[in-house]
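S.K.: Model the structure of this input:
(chains A and B)
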Amino acid sequence: MAITERQASSPIPTPREITTQPRRSDQFFRSIVFLGGLSSLVILSAIALFLGIRGFEIITREGLKFITGYEWYSSINADGLSGDQPSVYGIGAMLIGTIITALIAVVIGVPIAVATALFLNFYAPNFLKGFLVSVVDLMAAFPSILFGLWGLNVLMPSAEYWAKLLHKYFSFVPLFEVSAPVFTRSPFVAGVVLAIMIIPIVTSVAREVFSQTPLDRIQAAYALGATKWSMIRAVVLPFGSSGVVGGAMLGLGRAMGETVAVFTVLNIVFQANFQILLGAGGNVASLIILKFGEASAEEIKALMAAGLILFILTLVVNMIADLIVNRSGRQGR
Amino acid sequence: MTITTPKPTKPWRATPKAMVPNFIAGLSVILGTWFLIEFTGLAGKLGAFLAASALAIVTLSLAAGIQRGGQAAKNVAVGTFVAIGAITAMFPVVSILGTVFVRGIRGIYVGFFTNDMSLASVNDPLDKGGILHAIIGTLLLILFAMLISVPLGILTALYLTEIKGPGSRLIRFLVQAMSGVPSIVAGLFIYSAFISGTGRGFSGFMGSLALSILMLPTVARTAEEVLLLIPADLREAGLALGATQWRTVAMVVVPAAKSGLITAVILGVARIAGETAPLLFTTGGGDAVNGNPFDGVMGSIPFAIWKALIAGSEESNARAWASIFILLVIVLALFFSARRLGKRRV
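M.R.: Numbers count the residues shown, from 1 in each chain, chains lettered A, B, ... in the order given. Modelled structure (predicted):
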């Protein structure tokens, strides 16, 4: 009797159902975070979609000539007045200019950046290291218009001097020939400015991969009697080489998409110019900014198409670079 | 019995005798540089630097090679080359900071901060007009870009670190790729999607949209790095106390990462504060103070610099340097506050 009374007064709680199902609040939280996480996917596809839609007409009309053609002529100007010739849109010269200036930037910037990264990781005394890292990071925070203004006012005279020197002693190389003695506002100067702009990112990627070198291998090399350089050559460089290549490609992508600095420094001319010291060149981004101001509706569509090409180009370069950087550190002796 | 205590020695220190070759090498670098500058076509500071570097690599490695053999020579040559590379990378920073300071400080006076350009032209002398409209515009642009990209960026980072759901590898990859999108493409995209053909004009909000595309990857990547540093113990402790995942993230993880997340936001703002190209397609660049970001053209500091730069006269050039001085002060302030916060990890 007594036992049943006690059972009645304190009822055994019904066992709770155990489940792996998240609560309602968690389901809500997870879906919100998921939607936020999708934002990069949505934005990237929206960019490709909208530029594609607006540029579709021009790309289909011009066909492959849009990429290979050197001429850019709009028969309708902003006031709606029509010229006598039909419009032609081709960004071939600008694409060549984009690649040339970006390559100059990589050729000049990457060795300096790799040397800086090696110095910071293996040579610099501690008191200097923190300071130098700050300076390099600070460089990455400079606005691109600042590089443009500085390049135009400060760098141009000395770059012109060096261009003349290069021309004087190396003019037998076709690259350094000049058909007219105009050395200012050349792809070379733009390339130097771009090189300075990509040094921070290449340095930080290279520093990252160098610092991941396994310490035991470094110490093993030293224990075998290696000098610092033979240690770097045998351990660090093989381990970090793909990271450096990826970093260089990231720099290449940045240099291809740079607008304001290049527009400020470069003399934009619609011709394929392989003489890097001659003051004529261009890149796709600066073409867009040059023509946007007084463009007709049709020309704006052509500019959108050019923007699409630039977007795809930089996206592909960046994706390959990221794949290489993420894969780095797996090989090495 | 005398106790002899050995005299403390420092065998790793170079003896004076060992210093002699290096001293000779240094002297020959100085003399050689002077000779090259004086008697050949090389000129200027850069020329002197280049000559000195080349000579330093040769003579220092020779000195090491004579004393200690070929391997040492190579070692010293590479060490010198690497140090010179680092010095070269510092050159532009020093030059840029110096030029901006020297040329910018001339144009700064009180009226520069209290006037706008509605009654002045860029070619007027500097005592007319100012950049009040641009400062207000830049602040508004940054504010609205933050309102859009900070939530999205932090949610992306939370998805990558807390939920680790399907496709998080793809999204991490896309965020990385997005940080390389050229700024001009962001501007062109906003123009093609929201301005062209819709009847809407330029406005500050459109500029903010374009800037937030550039800011989002910076915020997301930095925030992800910070959230990864939060120890898993904290999360597990929160869940073990019976909290839901939402409560754990909101009350344990995010507060623990607070200073790091603020750093992420500041780095994002520093990334966009000086962006010019996207604003050219979206804001229109007004000359008068405009407090309404949803209507009418809006000025900004980069756009003001752009206008002054294009005008090309001496006065406008001085104006550009003065404006860029202020822009650089803002960027530097953001940069150093991010550094300070970033040091206080978790």
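
S.K.: and B:Gly104, what pLDDT?
M.R.: pLDDT recorded at B:Gly104 is 89.

S.K.: what about B:Pro182, distance to A:Met304?
M.R.: Going from B:Pro182 to A:Met304 by Cβ to Cβ, to the nearest Å gives 14 Å. To be clear about C-beta, it is placed using only N, CA and C from the backbone, and glycine gets the same treatment.

S.K.: List the contacts of the nearest residue to A:Met249 once chain neighbours are set aside.
M.R.: For A:Met249, ignoring the flanking residues on the chain, the nearest one in space by Cβ to Cβ, 6 or more residues apart in numbering or on different chains is A:Ala321 at 3.5 Å. Going by Cβ atoms under 8 Å, 6 or more residues apart in numbering or on different chains, A:Ala321 touches A:246-250, A:252-253, B:180.

S.K.: and the helix or strand hosting A:Ala321, which residues are buried?
M.R.: A:Ala321 belongs to helix A:297-327 when assigned by DSSP states H and E. In terms of neighbour count (16 or more other Cβ atoms under 10 Å in any protein chain shown), helix A:297-327 has its buried residues at A:298-311, A:313-315, A:317-326.

S.K.: Make a ChimeraX selection of whichever of the contacts of A:Ala321 turn out to be buried.
M.R.: Applying 16+ other Cβ under 10 Å to the contacts of A:Ala321 leaves a buried subset, and the ChimeraX line that selects it is:
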select /A:246,247,248,249,250,252,253 /B:180
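
S.K.: which one of the contacts of A:Ala321 sits closest to B:Pro11?
M.R.: A:Gly247 (40.2 Å; Cβ to Cβ).

S.K.: isn't A:Ile99 right up against A:Gly253?
M.R.: No: counting by Cβ atoms under 8 Å, A:Ile99 does not reach A:Gly253; the two are 11.8 Å apart.

S.K.: Low-confidence ranges, the chain, go.
M.R.: Assuming you mean chain A. Applying pLDDT under 70 to chain A flags residues A:1-10, A:76-84, A:328-333.

S.K.: actually it's chain B I care about, not the one you picked
M.R.: In chain B, residues with pLDDT under 70: B:1, B:41-43, B:344-346.

S.K.: What residues sit buried inside the longest helix seen in it?
M.R.: For chain B, the longest helix by residue count, based on DSSP state H, is helix B:70-105. Buried residues in helix B:70-105, defined by neighbour count with 16+ other Cβ under 10 Å: B:72-89, B:92-93, B:95-97, B:99-100, B:103-104.

S.K.: Find the closest residue to chain B in the stretch 201-333 of chain A.
M.R.: Proximity of the stretch 201-333 of chain A to chain B (Cβ to the nearest Cβ) peaks at A:Gly257, 2.6 Å away.

S.K.: right, and that residue touches A:Ile312 too?
M.R.: No: in this structure A:Gly257 lies outside contact range of A:Ile312 using Cβ under 8 Å: 11.5 Å.

S.K.: ok, now how distant is B:Pro293 from B:Ile148?
M.R.: Noted for B:Pro293: a distance of 12 Å to B:Ile148, by Cβ to Cβ.

S.K.: hmm, I was thinking of B:Gly26
M.R.: For B:Gly26 relative to B:Ile148 (Cβ to Cβ), the value is 57 Å.

S.K.: go on, B:Ala338?
M.R.: Distance, B:Ala338 to B:Ile148, using Cβ to Cβ: 20 Å.

S.K.: more crowded one of those two?
M.R.: For B:Ala338 versus B:Ile148, the count of surrounding residues by other Cβ atoms under 10 Å in any protein chain shown is larger for B:Ala338: 22 against 18.

S.K.: quick one, phi psi at that one?
M.R.: The phi/psi pair for B:Ala338 (degrees, to the nearest 10) reads phi -60, psi -40.

S.K.: Determine the three-state secondary structure at the nearest residue to it once chain neighbours are set aside.
M.R.: Of all residues not flanking B:Ala338 in the chain, B:Ile266 sits nearest, at 4.1 Å (Cβ to Cβ, 6+ apart). Assigned by DSSP: H, G, I helix; E, B strand; the rest coil, the conformation of B:Ile266 is helix.

S.K.: My read is that B:Ile266 contacts B:Leu341, right?
M.R.: Yes: using Cβ under 8 Å, B:Ile266 is in contact with B:Leu341, at 7.1 Å.

S.K.: about what we covered before: which residues touch the residue of the stretch 201-333 of chain A closest to chain B?
M.R.: Contacts of A:Gly257 (Cβ under 8 Å, 6+ apart): A:285, A:310, A:314, B:180-185.

S.K.: Just give me the closest of those residues to A:Trp229.
M.R.: Closest approach between the contacts of A:Gly257 and A:Trp229, by Cβ to Cβ: B:Gly180, at 33.3 Å.

S.K.: which ones are touching that closest one?
M.R.: Counting by Cβ under 8 Å, 6+ apart, B:Gly180 makes contact with A:250, A:253-254, A:257, A:314-315, A:317-318, A:321.
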